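# Here is the input, now give the coordinates:
(one chain, ligands or ions: 1)
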Amino acid sequence: MSALLLPFATRISDLNLVSPDEVPRGAACNCQCPGCDRPVIARQGTEREWHFAHAKGGACQQGYEVSIHEIAKQMIRDRRELLLPALDIEVSATDSFGLRIEERMHVLNAKTVHLDECKTSQKRDEVTADVAGRLADREILVEITVFHRLMPEKRDRLIATRIPSLQIDLGEFKVSQATRAKIEVALFENAMNRHWLHHPRMEQARREAQTKLDAKLAQRRAEWQLVEEKRQEEHAKRQQELAEIQFSLPSLLERSAEPITFNRPLLGSEAMWRASFPTRENILRASQSLAARTELGITNVMAVIGTITSRRQLATTTPANLATEWAAALNLPEDEILKFLHEAGYILV
Ligand SMILES: [Zn+2]
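Okay, here's the model as predicted:
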């Protein structure tokens with residue numbers, strides 16, 4: 001900040017902001033600082049940019065910023081010229097996939113207009129605009145910022161006037177020494193340092209952009225639902241496959257360990273009891289299988305099978321004898337009983 005020199009001062013005779021080259025040098029300039037109202041001297045040296053300095057030494061905090069703000073207002077007023085910014089509308093949202101989508105709408109190009117009338121520091125409703133210009137029957141308000149951003153309350157009050165309003169941001173002079181020539185370029189040639197705060201076509205354009213964005217969002221939501229349904233289907237399919245594998249695993253293992261050979265006469269008198277009594281689960285599974293094969297009820301099958309409950313009971317008979325006995329009791333071929341005895345694990349093949 002200390003490196004930035006006071007580029008303009010207020011000439012006491014007419015209260016206009018002036019550059020050092022518009023006034024006599026030194027104290028004869030008859031000017032004061034626009035920030036603190038103390039007298040200044042015009043420095044027209046050969047080393048540095050011509051500038052003003054407080055006569056009693058020491059700069060003030062706000063002089064530099066206020067001088068730029070005030071001369072910008074004055075320049076627009078004197079030229080009665082305004083560079084209007086483009087009007088671009090942008091709305092955005094997050095779609096069903098979590099991605100940001102935007103909808104942009106270009107409404108107006110930037111353009112320079114020549115005002116019929118232009119005044120500075122004009123009060124409209126509850127707010128004082130830096131500049132108020134009139135173009136035919138249309139008014140335009142201008143707010144200029146230099147070091148500080150436009151406060152939301154002031155922006156809201158400007159918008160509330162329903163008068164077309166724009167903001168010009170001269171923040172570039174926070175870091176670069178302001179001169180009249182540079183400010184002229186910033187004010188009348190650079191359309192990028194400004195934007196509309198309020199414009200009559202803004203709301204309509206925003207509604208149109210929002211409608212397009214909503215359609216895009218609905219499309220994305222439909223796409224997402226399709227993807228999600230497919231994902232759930234795939235998941236259910238995988239679960240089903242998994243369940244089938246788990247279901248078939250024990251019987252596969254059993255079968256591979258003990259190939260079934262019932263259509264051979266091997267089973268019969270040669271069959272021998274296993275060393276241990278089959279598990280309850282194996283007996284039940286083989287009984288269900290027998291009941292299903294022969295269309296006998298499981299209760300009938302169990303009534304007969306259930307008479308033998310230990311290895312000790314088996315030791316009193318042979319597989320062939322038991323097959324004959326149970327076949328008679330159930331009215332089935334003996335082969336069916338031998339098949340059952342094998343499946344349940346009563347006998348060795
Ligand atoms: Zn000052």
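
# can we go C-alpha only for contacts and neighbour counts from here?
Will do.

# Just the buried residues of stretch 185-201, please?
Neighbour-count burial for stretch 185-201 flags Ala186, Leu187, Phe188, Ala191, Arg194, His195, Trp196, Leu197, His198, His199 (criterion: 16 or more other CA atoms under 10 Å).

# three-state assignment of the first one?
Using DSSP: H, G, I helix; E, B strand; the rest coil as the criterion, the local structure at Ala186 reads helix.

# what's the nearest residue to it if we skip its chain neighbours?
Excluding its sequence neighbours, the residue lying closest to Ala186 (CA to CA, 6 or more residues apart in numbering) is Leu170, at 7.2 Å.

# correct me, but that neighbour touches His148?
No - between Leu170 and His148 there is no contact under CA atoms under 8 Å: 9.6 Å.

# neighbour-wise, which of those two wins?
Neighbour count, other CA atoms under 10 Å: between Leu170 and His148, Leu170 has more, with 22 against 12.

# per-residue confidence at the more buried one?
With respect to pLDDT, Leu170 scores 97.

# And for the one 10 residues further on?
We note a pLDDT of 94 for Arg180 in this prediction.

# how many other residues sit next to it?
Neighbour count for Arg180, taken as other CA under 10 Å: 16.

# thought it was touching Asp21?
No - applying CA under 8 Å, one finds Arg180 not in contact with Asp21, separated by 10.6 Å.

# you'd agree Val40 is in a strand?
Yes - judged by three-state DSSP, Val40 forms part of a strand.

# Now it: closest residue in space, sequence neighbours ignored.
Among residues not flanking Val40 along the chain, His54 sits closest, at 4.3 Å (CA to CA, 6+ apart).

# how near is the one you found to the ion?
Distance, His54 to the ion, using CA to the ion, to the nearest Å: 7 Å.

# Tell me, how many residues neighbour that residue?
21.

# again with Leu150
If you count neighbours by other CA under 10 Å, Leu150 ends up with 15.

# Now do the SS call for it.
Classification of Leu150 by three-state DSSP places it in coil.

# the strands in the stretch 51-200 of the chain, which residues?
For the stretch 51-200 of the chain, the strands defined by DSSP state E, counting those that start in this stretch cover 51-54, 81-84, 87-94, 100-108, 111-114, 117-124, 127-135, 138-145, 165-169, 194-198.

# Skipping its backbone neighbours, what lies nearest the closest residue to the ion within the stretch 151-300 of the chain in space?
Closest contact between the stretch 151-300 of the chain and the ion, by CA to the ion, is at Ala178 (16.0 Å). Nearest non-adjacent residue to Ala178, counting by CA to CA, 6+ apart: Pro7, 6.5 Å away.

# Pull up the residues of the stretch 51-200 of the chain that are close to the ion.
Residues of the stretch 51-200 of the chain lying close to the ion (CA under 5 Å from the ion) are Cys60, Gly63.

# now with 8 Å?
His54, Ala59, Cys60, Gln61, Gln62, Gly63, Tyr64 (CA under 8 Å from the ion).

# What separation is there between Met105 and the ion?
Distance, Met105 to the ion, by CA to the ion: 45 Å.

# Give me the nearest residue to that residue, chain neighbours excluded.
Of all residues not flanking Met105 in the chain, Ile89 sits nearest, at 5.0 Å (CA to CA, 6+ apart).

# Arg80 too?
In space, and not counting its chain neighbours, Arg80 is closest to Leu115: 5.1 Å by CA to CA, 6+ apart.

# Give me the neighbour count for Leu87.
For Leu87, the neighbour count with other CA under 10 Å is 20.

# show me where the stretch 151-300 of the chain has helices.
Shown for the stretch 151-300 of the chain, the helices assigned by DSSP state H, counting those that start in this stretch span residues 152-160, 180-188, 202-257, 280-294, 298-305.

# Okay, angle between the longest one and strand 194-198 too, please.
Put simply, helix 202-257 runs at 100 degrees to strand 194-198, going by axes from the mean of the first three to the mean of the last three CA atoms, to 10 degrees.

# go on, the fourth one?
Using the same axes, to 10 degrees, one finds that helix 280-294 and strand 194-198 are set 70 degrees apart in direction.

# list the buried ones in helix 280-294?
Ile283, Leu284, Ala286, Ser287, Gln288, Ser289, Leu290, Ala291.

# export these to JSON lines and tack on distance to Asp130 and pLDDT?
Converted to JSON lines, those look like this (distance: CA to CA, whole Å; pLDDT from 0 to 100):
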{"residue": "Ile283", "distance to Asp130": "98", "pLDDT": "89"}
{"residue": "Leu284", "distance to Asp130": "95", "pLDDT": "88"}
{"residue": "Ala286", "distance to Asp130": "97", "pLDDT": "91"}
{"residue": "Ser287", "distance to Asp130": "98", "pLDDT": "90"}
{"residue": "Gln288", "distance to Asp130": "95", "pLDDT": "89"}
{"residue": "Ser289", "distance to Asp130": "96", "pLDDT": "90"}
{"residue": "Leu290", "distance to Asp130": "100", "pLDDT": "91"}
{"residue": "Ala291", "distance to Asp130": "99", "pLDDT": "89"}
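
# Let me have the residues you listed in CSV, adding distance to Leu99 as columns.
Below are the buried residues of helix 280-294 laid out as CSV (distance: CA to CA, whole Å):
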residue, distance to Leu99
Ile283, 59
Leu284, 57
Ala286, 58
Ser287, 60
Gln288, 57
Ser289, 57
Leu290, 60
Ala291, 60
